[in-house]
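Novice: coords please:
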Amino acid sequence: MTNGFPTHNEPSGSSSVVPAHQHGRGAFAALAAGVTRSLPTFLVFVCLSALGYWGHHSGWKAPKFSDLFGARVVQGEEDWCVEHGVPDSKCIKCHPELAGQSGVDWCKEHGVPELRCTICHPEILTKGVAGDWCREHGVPESNCTLCHPEIAVRGSPQKGTPDVSVVVAQDDTALKPQPGSVSIGRPAKDPSTCQTHAMRVQFASAASIEKAGVKLGSVVERPMGDTLTANAEIDYDRTRLAQVSSRASGVAWWVGKEVGDRVSRGEVLALVDSADIGRAKAELLQAAADRHVRTQARERTQSLMLDNIGSQANLQEKEAAFREAEIRLFIARQTLINLGFVLSPDGPSEIPNERELLFLGVPQSIREKLDASNTTANLLPITAPLDGVVTTRNIVAGEVVETSKPLFVVADTSRMWVMIDVPQALANRVALGQGVRFRAEPKSDNAVLGTIAWISTAVEEQTRTVKVRADMDNAEGRLLASMFGQAAITIRESPTATAVPDEAVQWEGCCHVVFVRLTDEIFQPRKIKAGARSGGFTEVLVGVLPGEVVATTGSHVLKSEILKSNLGAGCADH
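Specialist: This is a model prediction of the structure:
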């Protein structure tokens with residue numbers, strides 16, 4: 001039998017017996033084979049357990065090559081601070097003495113001097129002042145370039161457009177939309193306790209500056225003006241705008257001017273046929289004739305009195321009649337003068353005759369156009385009260401004219417008004433005599449100059465603005481009535497102001513800051529007091545000096561980096 005089965009050489013029903021010592025050797029071999037198969041799994045388990053134990057006690061950090069083999073650290077290979085992303089030999093957070101700080105007085109967790117760390121020492125915020133504050137100029141004492149001009153770090157930007165990539169960050173500030181705003185339910189922030197200026201922003205290397213998109217620029221001196229811009233509308237100078245009406249009702253006889261015609265003061269615009277004018281002229285002639293008769297009667301009586309003929313009572317009667325004639329003539333003259341006519345001085349020889357009264361007040365150039373035989377004596381000239389342009393005409397020949405209806409509007413456009421709507425909150429910055437630049441288009445260089453001549457004493461109920469008026473010279477005629485635009489009121493001007501590009505100024509929660517380059521790799525957030533903005537530049541009243549280099553375009557990247565460590569310093573929202 002082979003393998004327990006009968007063969008052809010073995011008789012059926014026979015059996016084979018295995019010796020006992022051979023059975024023991026087979027069992028041992030089977031056990032050895034099982035152990036051999038399980039050994040790799042066991043070894044893997046042991047290795048994983050050892051690795052977990054080592055990782056738990058080492059913080060899962062691989063040792064440096066130099067630690068394992070005792071080799072010397074080589075600059076650029078092992079000189080790297082993994083935590084802060086800069087060379088370890090230049091890391092100012094790990095080695096604050098590189099930035100001029102004391103390694104003993106340094107909070108490595110938050111990246112500021114220990115004595116200024118408001119997270120580790122919140123009592124700083126309760127003292128009101130952090131011990132570094134210039135009360136005179138309203139910035140930290142260590143930032144006050146007016147008291148300490150020696151802190152300025154002057155230089156020149158690199159050629160090209162160097163870009164900044166920040167790898168060390170230190171402040172977490174909840175950014176406010178406007179300076180001085182207060183979060184609901186939170187106390188107002190105190191800039192005097194803010195420690196943003198104590199931080200430094202470090203780059204991995206000078207080469208890394210070109211990889212982030214932040215350009216560098218210089219602090220410069222340039223003319224600056226503090227301006228207030230508001231919406232404005234052009235209007236006629238109301239002291240040089242006249243609505244011309246007829247002084248007597250009647251019918252339009254002749255109209256000689258059209259809209260747009262330029263006229264001079266006293267020039268006749270139209271003629272009105274009015275019965276009142278005829279009666280006034282007749283009364284003047286009658287009064288003049290009556291005075292002439294009364295004058296002769298008085299002279300005869302006086303002559304007779306010299307010859308002792310007549311009585312004193314008769315003389316007095318003649319004198320009274322003469323005075324009455326004088327009064328009637330005076331009244332008749334005043335009636336015509338009140339209607340707009342110009343008469344010669346009073347006197348017997350100065351009374352116009354009938355033909356002169358027919359065309360009284362009508363220029364010779366117009367008389368030639370009229371038929372004297374068919375022209376009425378009731379003509380009333382409508383004249384221009386000032387030099388200007390006819391802007392409106394409401395009269396047609398043959399139309400009935402009423403004294404209450406304006407016939408023409410004449411405006412002197414050589415000077416115009418600019419009516420400016422100044423927001424109520426900014427009205428206290430406006431004063432009489434301040435200069436104004438008006439532009440119909442915001443980006444236009446064609447500005448018209450003027451001065452503030454009037455400030456309203458009331459606030460508009462609907463717009464909550466204060467009306468301000470500026471007088472503008474318009475000799476060239478560039479200003480048109482009802483034209484809209486923007487007016488820039490010059491509040492203050494400085495011929496040599498310290499200024500930085502607008503992009504350099506950042507608002508980080510309670511302070512305006514610019515990032516000043518200290519070295520090729522380190523920048524300092526410098527607190528400033530911002531002034532006027534003009535021509536793409538912002539005036540800096542204190543905080544930087546001309547010649548220093550600051551981050552301009554993309555400086556918000558640096559700001560975002562100083563907002564990461566949640567360092568309050570009186571600025572951050574916790």
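
Novice: per-domain residue ranges of this protein.
Specialist: For the chain, whose domains are defined here by automatic domain parsing, the residue ranges read 96-224+495-561, 228-239+412-493, 275-377.

Novice: The ones you listed: which one's closest to residue 245?
Specialist: The minimum distance between residue 245 and the domains of the chain falls on domain 275-377, with 10.8 Å, by CB to CB. No exception for glycine: its C-beta is placed from N, CA and C like everyone else's.

Novice: start to end distance for the closest one?
Specialist: The first and last residues of domain 275-377 sit 9 Å apart, counting by CA to CA, to the nearest Å.

Novice: how distant is that domain from the center of its chain?
Specialist: Counting by CA atoms, centre = their mean, to the nearest Å, domain 275-377 is centred 68 Å from the centre of its parent chain.

Novice: per-residue confidence averaged over it?
Specialist: For domain 275-377, mean pLDDT rounds to 84.

Novice: do stretch 394-414 as well
Specialist: Model confidence over stretch 394-414 averages 94 on the pLDDT scale.

Novice: number of nearby residues for residue 443?
Specialist: Residues near residue 443, counting by other CB atoms under 10 Å, number 5.

Novice: Report the secondary structure state of it.
Specialist: When classified by DSSP: H, G, I helix; E, B strand; the rest coil, residue 443 comes out as coil.

Novice: Relative to residue 486, how far out is it?
Specialist: 10 Å (CB to CB, to the nearest Å).

Novice: Just give me how far stretch 552-563 sits from the chain centre.
Specialist: For stretch 552-563, the separation from the chain centroid amounts to 23 Å (computed by CA atoms, centre = their mean).

Novice: Would you map the strands across the stretch 151-300 of the chain?
Specialist: Counting by DSSP state E, counting those that start in this stretch, the segments of the stretch 151-300 of the chain that form strands are 201-202, 216-218, 220-236, 241-245, 250-255, 262-263, 268-273.

Novice: does residue 416 really touch residue 470, like I thought?
Specialist: No: contact between residue 416 and residue 470 fails when scored by CB atoms under 8 Å: they sit 9.4 Å apart.

Novice: secondary structure class for residue 476?
Specialist: Reduced to three states with three-state DSSP, the structure at residue 476 is coil.

Novice: So what's the predicted local confidence for it?
Specialist: Reported pLDDT at residue 476 in the predicted model: 89.

Novice: so how many other residues sit close to it?
Specialist: Using other CB under 10 Å as the criterion, the residues surrounding residue 476 number 8.

Novice: swap in residue 379?
Specialist: Neighbourhood size, residue 379 [other CB under 10 Å]: 23.

Novice: same check, this time on the one 4 residues further on
Specialist: Neighbours of residue 383 under the rule other CB under 10 Å: 20.

Novice: gap between it and residue 458?
Specialist: Between residue 383 and residue 458 the computed distance is 37 Å (CB to CB).

Novice: Which per-residue confidence value corresponds to residue 228?
Specialist: The predicted structure lists residue 228 with a pLDDT of 90.

Novice: how deep is it tucked in, by neighbour count?
Specialist: As a burial measure, residue 228 scores 19 neighbours (other CB under 10 Å).

Novice: In this structure it contacts residue 486, no?
Specialist: No: between residue 228 and residue 486 no contact is recorded; they are 10.7 Å apart, counting by CB under 8 Å.

Novice: ok so, going back, which among the domains of the chain is found nearest to residue 80?
Specialist: For the domains of the chain, distance to residue 80 was read as CB to CB. The smallest value, 8.9 Å, belongs to domain 96-224+495-561.

Novice: Could you check the domains of the chain and tell me which one is nearest residue 259?
Specialist: Ranking these by proximity to residue 259 (CB to CB) places domain 228-239+412-493 first, at 13.2 Å.

Novice: Quick one: end-to-end distance for the closest one.
Specialist: With CA to CA applied, domain 228-239+412-493 spans 12 Å between its terminal residues.

Novice: just how off-centre is it within its chain?
Specialist: Here the centre of mass of C-alpha atoms in domain 228-239+412-493, compared against the chain's by CA atoms, centre = their mean, lies 14 Å away.

Novice: Per-residue pLDDT of residue 547, please?
Specialist: With respect to pLDDT, residue 547 scores 91.

Novice: show me what contacts it?
Specialist: Taking CB atoms under 8 Å, 6 or more residues apart in numbering as the definition of contact, the neighbours of residue 547 are 152, 154, 155, 218, 219.

Novice: before we move on, what about residue 393?
Specialist: 255, 257, 258, 259, 407, 408.

Novice: residues near residue 239, how many?
Specialist: Counted with other CB under 10 Å, the neighbours of residue 239 add up to 11.

Novice: Might you list the low-confidence residue ranges for the stretch 151-300 of the chain?
Specialist: Within the stretch 151-300 of the chain, the stretches with pLDDT under 70 are 156, 158-192, 206, 209.

Novice: So which residue is dead centre in this structure?
Specialist: residue 229 (4.9 Å; CA atoms, centre = their mean).

Novice: just checking, that one touches residue 491?
Specialist: No: contact status for residue 229 versus residue 491: not in contact, 10.8 Å apart, counting by CB under 8 Å.

Novice: Residue 268: what's it in contact with?
Specialist: Contacts for residue 268 (CB under 8 Å, 6+ apart) come out as 256, 361, 362, 363, 366, 381, 382, 383.

Novice: How about it: what's its closest non-neighbour residue?
Specialist: Of all residues beyond its chain neighbours, the one nearest residue 268 is residue 381 (4.7 Å), with distances taken as CB to CB, 6 or more residues apart in numbering.

Novice: could the strands of the stretch 151-300 of the chain go into JSON lines alongside distance to residue 342?
Specialist: Output for the strands of the stretch 151-300 of the chain, formatted as JSON lines (distance: least, CB to CB, whole Å):
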{"stretch": "strand 201-202", "distance to residue 342": "83"}
{"stretch": "strand 216-218", "distance to residue 342": "70"}
{"stretch": "strand 220-236", "distance to residue 342": "28"}
{"stretch": "strand 241-245", "distance to residue 342": "17"}
{"stretch": "strand 250-255", "distance to residue 342": "19"}
{"stretch": "strand 262-263", "distance to residue 342": "17"}
{"stretch": "strand 268-273", "distance to residue 342": "12"}
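
Novice: Go through those and name the closest to residue 451.
Specialist: Ranking the strands of the stretch 151-300 of the chain by distance to residue 451, with CB to CB as the measure, places strand 220-236 first at 13.8 Å.

Novice: quick one: that closest one to strand 241-245, angle?
Specialist: Using axes from the mean of the first three to the mean of the last three CA atoms, to 10 degrees, the inter-axis angle of strand 220-236 relative to strand 241-245 is 10 degrees.

Novice: gap between residue 548 and residue 95?
Specialist: Summarising the geometry, the distance separating residue 548 from residue 95, computed by CB to CB, is 25 Å.
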